[in-house]
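Enquirer: Below is the sequence, then the predicted model.
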Amino acid sequence: MQGVLTGFAVIAVVIGVGYLIGRRQYLGDNGREVLTKLAFHVATPALLFTTLARADLSVILSSRLLITAISTAVAAGAFLAVALIRRWDVGRSTIGALCSSYVNAGNLGIPIAVYVLGDASLVAPVLLFQQLVATPIALTVLDLSGGAEKRSVWQRVTTPLRNPVGASSLLGVVVAAAGWTVPGPVLDPLVLIGNMSVPAVLLAFGISLCGSTLPGRGPDRFAVLLSAGLKAVGMPAAAWALGAGVFGLHGAALLDVVVTSALPAAQNLYTYASRYRVGERLARESILLSTVASVPVLVVIAALLG
């Protein structure tokens, strides 16, 4: 339980600093936009490349990855089903589906994996699946939904390759699969740049909270509550059912997959929403609510399965 609280405390402090920066206007009126662009176009691609280039790709074949993939599809699919019934637009539906199923496996998942599960590598299947499958698909949909009629067939097919997040992930996998070692003079600057990703995202998120109303009270109330509920309760419940009922996991192995599935929505989802200027309020409020709700959920999971 200490690991859960420690991970959330770190997140809260950095977001709080971002909020103060926004209140004091230290970065001016465009501070959030600059941080968002820095994270999306520079820091996050560097982080993804350096992470995947040194990753053990054997985890792709693990049962943890299958559970992650299926539980992600269940949570995202539930949101999309409601979105289809309510006839929400593609961009908003995509952001909502991400907030329902895309976990904070990086800046929160790693410390929790260390303190609660005892092994940081246990979040690797989640990171790989999200970076290699979920993110490229979602960003491609967002790219194509914003003026797809003006793009050629070639441009549509190569959308994932032209997106900095998707391209850097693919390049990192190629390097890891080929067994190449990136030279230190090349890797070290990328690692340094990549280290800006998490704080830039958290600071931008904190700045965005300035002047905002309490979550779940605006026009996106239903969508926010739906996505936050699916993320905090629906996805870990699906992971537990799959792990225990289908894959026969128990003990520490079952705890691993349920804890990682119960992590809140990742802050970089707000970066994507802001970058494409769609569902920004939905992303901000859903991330905030799922983060708050995940604290008691993770504590209960650790008590019951730990």
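Expert: Perfect, I can see it now.

Enquirer: any chance you could map the helices in the stretch 201-306 of the chain?
Expert: Under the criterion DSSP state H, counting those that start in this stretch, helices of the stretch 201-306 of the chain are mapped to 221-229, 235-241, 252-261, 268-276, 280-305.

Enquirer: other SSEs contacting the second one?
Expert: The reference is to helix 235-241. helix 63-86, helix 252-261 (3 or more Cβ pairs under 8 Å, 6 or more residues apart in numbering; DSSP states H and E). (Glycine included, C-beta is placed from N, CA and C.)

Enquirer: tilt between the shortest one and helix 280-305?
Expert: Our comparison of helix 252-261 with helix 280-305, counting by axes from the mean of the first three to the mean of the last three Cα atoms, to 10 degrees, yields an angle of 160 degrees.

Enquirer: so for helix 252-261, what's the average pLDDT?
Expert: Taken as a whole, helix 252-261 has an average pLDDT of 89.

Enquirer: mind starting the numbering at 185 from now?
Expert: Yep, numbering from 185; the last one is helix 436-445 now.

Enquirer: Helix or strand for the spatially closest residue to residue 371 that is not a sequence neighbour, just tell me which one.
Expert: Closest residue in space to residue 371, ignoring its immediate chain neighbours: residue 234 at 6.4 Å, by Cβ to Cβ, 6 or more residues apart in numbering. Using DSSP states H and E, the element containing residue 234 is helix 228-237.

Enquirer: Packed most tightly, which of the helices and strands packed on helix 419-425 would that be?
Expert: When the helices and strands packed on helix 419-425 are scored by mean count of other Cβ atoms under 10 Å, the highest mean neighbour count falls to helix 436-445 (a mean of 23).

Enquirer: helices or strands next to it in the packing?
Expert: Helix 436-445 packs on helix 247-270, helix 419-425, helix 464-489, going by 3+ Cβ pairs under 8 Å, 6+ apart.

Enquirer: so the helix holding residue 234 versus helix 452-460, what angle?
Expert: 140 degrees.

Enquirer: Residues contacting helix 228-237, please?
Expert: The contact list for helix 228-237, computed with Cβ atoms under 8 Å, 6 or more residues apart in numbering, reads 290, 311-312, 315-316, 348-349, 351-353, 355-357, 359-360, 364, 366, 371, 374-375, 377-379, 381-382, 385, 452, 455.

Enquirer: Return a ChimeraX selection command for the buried portion of those.
Expert: Of the contacts of helix 228-237, the buried ones go into a single ChimeraX selection, burial set by 16 or more other Cβ atoms under 10 Å:
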select :290,311,312,315,316,348,349,351,352,353,355,356,357,359,360,366,371,374,375,377,378,381,382,385,452,455
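
Enquirer: Find the centremost residue of the protein, please.
Expert: Nearest to the geometric centre of the chain sits residue 450, at 3.5 Å (Cα atoms, centre = their mean).

Enquirer: could you measure that one against residue 309, distance?
Expert: 15 Å (Cβ to Cβ, to the nearest Å).

Enquirer: cool, residue 391 as well?
Expert: Counting by Cβ to Cβ, the gap from residue 391 to residue 309 is 32 Å.

Enquirer: Check residue 251 too.
Expert: From residue 251 to residue 309 the distance is 8 Å (Cβ to Cβ).

Enquirer: Neighbours of the closest residue to residue 434 other than its chain neighbours, how many?
Expert: Excluding the flanking residues, the one nearest residue 434 by Cβ to Cβ, 6+ apart is residue 428, at 6.8 Å. Residue 428: 15 surrounding residues under other Cβ atoms under 10 Å.

Enquirer: Look at the nearest residue to residue 473 once chain neighbours are set aside and report its pLDDT.
Expert: Take residue 473 and drop its neighbours on the chain: the residue closest to it by Cβ to Cβ, 6+ apart is residue 412, 3.8 Å away. Predicted confidence (pLDDT) for residue 412: 95.
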